[in-house]
Structures are given as C-alpha cells and as structure tokens.
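S.K.: Sequence first, predicted coordinates after that:
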Amino acid sequence: MTKRILITGGAGFLGSHLCEKLLRDGNDIICLDNFFTGDKKNIAHLMGAHNFELVRHDIINPIYLEVDEIYNLACPASPIHYQYNPIKTIKTNVMGVINVLGIAKRTRAKVLQASTSEVYGDPEVHPQKESYWGKVNPIGVRSCYDEGKRAAECLMMDYRRQNGVNTKIARIFNTYGPRMAVNDGRVISNFIIQTLQNQNLTVYGDGSHTRSFCYVDDMIEGLIKMMNSDDDFFGPVNIGNPVEFTILELAKKIIQMTKCRSKIDFLPLPADDPVQRKPDITIAKDKLNWMPRTDLTEGLLKTIDYFRGILQST
Ligand code: NAD
Ligand code: UDP
C-alpha cells in the first residue's frame, strides 16, 4: 500500500535526499519547509512528480495534514545557523515538535525524530553509547540546539508513554555529502569550498579534536531502516560512521585529495565545542542490520565533485 509520508525540513540537506529516496520507492511525499536553511533547488528535480507536494510552513505553527509516517528533520543543523536565532532554534525543537507530535497523535502516524549526537554534549564516555546521558552545558551557546534536541527526545517519549504515539528516535552523528549548503559552515563543506577556492583552511583549535563522518546515502538508509523497524524498538539509536578522525587529519586529507595549494590557519576553538565524538553503533547493527558502507575517501570524492560543479555554475 502506498504510504503518505511527511518530511519536515524536506528541502534541507538530509531532507532532500530522504524525499528523493522515499519518492523513488513509490510513496506519496509531502515535503514541508520554511526555507530557513533549505533551498528549493534541492528538491527542484522532484517538483514535477505527481506524488510529490511542497508545503511552505514553519513547524512552530500548528498544521493539519493526514499522513501515515513523519520524519521530523526541521531544524537548522549547523552551529552558525542554529546560533543565528537561538530562541527560534529552541522553539522549533519544542513548539515545533509538539505540533508534529500533535499530527502523529491525531492521525496515528508513526513519527521519527532526527535527534543528534549533540545530546551527548562534550562526552566523558567514548565512544558514545545510547545509554550514556551526556554532558551538556545547559546555559552555553550550543544549548539552544543541544537542550532543544534533548527536550524533543523527552517529548517523543512522553507522547509515547502518555498518548501511545508510535515514536522512533534516531541520534544522527556528523553527516556530509552533496546538497550541503555552500554557506553551511560545517567542517567538511567549509574545507572543500576553501580548497576549491585556494583559500587557507580554517582549523579551529589545534586540530586535535575529533569527529566521525557518515556519508549521506548511508545515513538515509539508516533512518529508513529505523522507521521500518519493529514497533517495539523505538530507540534511541545511534546512526553514524564509527571511523574517527582528528580535524587536522581531515584538513590534510582534503588538501591532498583536491591537490590544492591551500595552507592551514589555526583559529580559536568555539565555546563548548565537543573534544571528541564517535558513535557506538552496536544497537543499529543488531536491531536494524545497518552499518555504513561508504568510507571517507569515497564520500569525499563525491562531495568534492558536487561542490566543484556548484562553484563552477555560480
Ligand atoms: P539543514 O539545515 O540542511 O536542514 C534543515 C531543514 O529544516 C532546512 O530545510 C530548514 O529550512 C528547515 N527548517 C528549519 N527550521 C524549520 C522550521 N521551524 N519549520 C520548518 N522547516 C524548518 O540540516 P540537515 O543537516 O539536513 O539536518 C536535518 C536534521 O538532521 C536536523 O533536525 C538536524 O538537527 C539533524 N541532524 C543532522 C546532522 C548532520 O550532520 N547533517 C547531525 C545531527 C542531527
Ligand atoms: N571546524 C573547524 N573548522 C571549520 C568548521 C568546523 O575546525 O571551518 C571544527 C569544529 O570546531 C568542530 C568540528 O570541526 O570541532 C566539527 O564542526 P561542525 O561545525 O562540522 O559540526 P559539530 O560536530 O561541531 O556540530
């Protein structure tokens, strides 16, 4: 049976890939976005399809839609974007999530929340397991996002316990790939654009902090597997690539792959920037039979190609 699927934040980086894949699989897609960080260009190639609808809407306001499943991705993900209007960020994660859960409760739709590794804050446990409660600064510049996403998880669980809503929580770790915005500000898009423009790479701190990078196609597969998993498995589940790199290693790798002449500038580390991050994906492997298949070199090659095309066309 054809499912009608709502994807909030559907015109963003991850949302547009999810729209594309779920549309290709024969579903009816409603893509909802307020275009804060998303772009119509990301979904322009889907617009002619009879089973694709675009709704311009801000999830902090209620909306009435009839759907079978909801992927709630609406929320800026890059630190510069979520810190641009922090009050709006937390409203999106609290009022927005209440509105999304309201649709799920009324229509009995299954709802998957795009949570984040930021719920672990600057972690004292490494790698991070889902059972770890995290170390988050509740009053820092990242808290609009970190505490917002923690509140969103709380709402998912309370609507499940109190109202019987079929909820799922996926904790997404750093993901990259084509359709990241040129002004996104996250590390992989920044470094690639800097090398392609022969600018120096901006490494914050001494480059010894770590992240683990997941290619977008692997992430989309993981999110869909989570949505389609047994109802008694509701997470949270970590979805990410467990291969860890220092930011300096990443910078050198991108310089070498693009064969550019860029050097590295060391700039101050932003406040509360987590020192290390790497997912433990044992649960995703066991419960979803999922693990990432794209290594960093392969994923970077595709992403570099994408940005080369974008920069040439502008
Ligand atoms: P993105 O910024 O490209 O996409 C977010 C989308 O949500 C954009 O299209 C934006 O316009 C839309 N949006 C923002 N606020 C909205 C609102 N109030 N109402 C309606 N639409 C709104 O970011 P992304 O990387 O695609 O991230 C998607 C989701 O995944 C986010 O919820 C993010 O927190 C989560 N996530 C992403 C990563 C990652 O590495 N990409 C990591 C952890 C979590
Ligand atoms: N970073 C960097 N240079 C940049 C952008 C980011 O050194 O131009 C660092 C940032 O300080 C962090 C890591 O790269 O330690 C990942 O940052 P990003 O904004 O991509 O995601 P985060 O995991 O911090 O949300």
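M.R.: Looks like it arrived, so ask away. Ligands and ions are numbered 1, 2, ... in the order given.

S.K.: Tell me the confidence at residue 55?
M.R.: Residue 55 carries a pLDDT score of 98 in this model.

S.K.: Distance of it relative to ligand 2?
M.R.: Per Cβ to the nearest ligand atom, to the nearest Å, residue 55 is found 28 Å from ligand 2. Where you see a C-beta, it was placed from the backbone N, CA and C, and this is true even at glycine.

S.K.: I figured that residue hits residue 30, correct?
M.R.: Yes: the criterion here is Cβ atoms under 8 Å, and residue 55 meets it with residue 30 at 6.1 Å.

S.K.: which one of the two has more residues nearby?
M.R.: Shown here are residue 55 and residue 30; by other Cβ atoms under 10 Å, residue 30 has more neighbours (21 against 14).

S.K.: what's near enough to touch the more buried one?
M.R.: 4-7, 10, 53, 55, 65, 67 (Cβ atoms under 8 Å, 6 or more residues apart in numbering).

S.K.: Next: residue 88.
M.R.: Residue 88 sits next to residue 60 when contact means Cβ under 8 Å, 6+ apart.

S.K.: and the helix or strand where it lies, is it in reach of ligand 2?
M.R.: Taking DSSP states H and E as the criterion, residue 88 maps to helix 86-107. No: if you take Cβ under 6 Å from any ligand atom as the test, helix 86-107 misses ligand 2, and the best it gets is 13.0 Å.

S.K.: From the chain's centroid, how far away is that helix?
M.R.: Computed by Cα atoms, centre = their mean, to the nearest Å, the chain-centroid distance of helix 86-107 equals 17 Å.

S.K.: now stretch 305-314
M.R.: With Cα atoms, centre = their mean, you get 22 Å for stretch 305-314.

S.K.: can you list the residues of the stretch 51-200 of the chain near ligand 1?
M.R.: Counting by Cβ under 6 Å from any ligand atom, the stretch 51-200 of the chain sits next to ligand 1 at 58-60, 73-77, 92, 96, 114, 116, 172, 174-175.

S.K.: re the thing from before, buried ones in the helix holding residue 88?
M.R.: 88-94, 96-105, 107 (16 or more other Cβ atoms under 10 Å).

S.K.: Please apply the same query to stretch 11-24.
M.R.: Within stretch 11-24, the residues that count as buried by 16+ other Cβ under 10 Å are 11-23.

S.K.: And for stretch 257-265, what's in contact with it?
M.R.: Outside of stretch 257-265, the residues within contact range by Cβ under 8 Å, 6+ apart are 192, 194-196, 198-203, 207, 248, 251, 255, 297, 300-301, 304.

S.K.: again, 6 Å this time
M.R.: With contact meaning Cβ atoms under 6 Å, 6 or more residues apart in numbering, stretch 257-265 is reached by 195, 198, 200-203, 251, 255, 300.

S.K.: Equivalent analysis for stretch 160-171, please.
M.R.: Counting by Cβ under 6 Å, 6+ apart, 104-105, 110-113, 115, 117, 153, 156, 159, 223, 226, 234-239 sit against stretch 160-171.

S.K.: Helices along the chain, start to end?
M.R.: Using DSSP state H, the helices of the chain run over 13-24, 79-82, 86-107, 143-163, 187-196, 216-227, 247-258, 282-288, 296-313.

S.K.: closest one to residue 273 among the ones you listed?
M.R.: Ranking those by proximity to residue 273 (Cβ to Cβ) places helix 79-82 first, at 8.3 Å.
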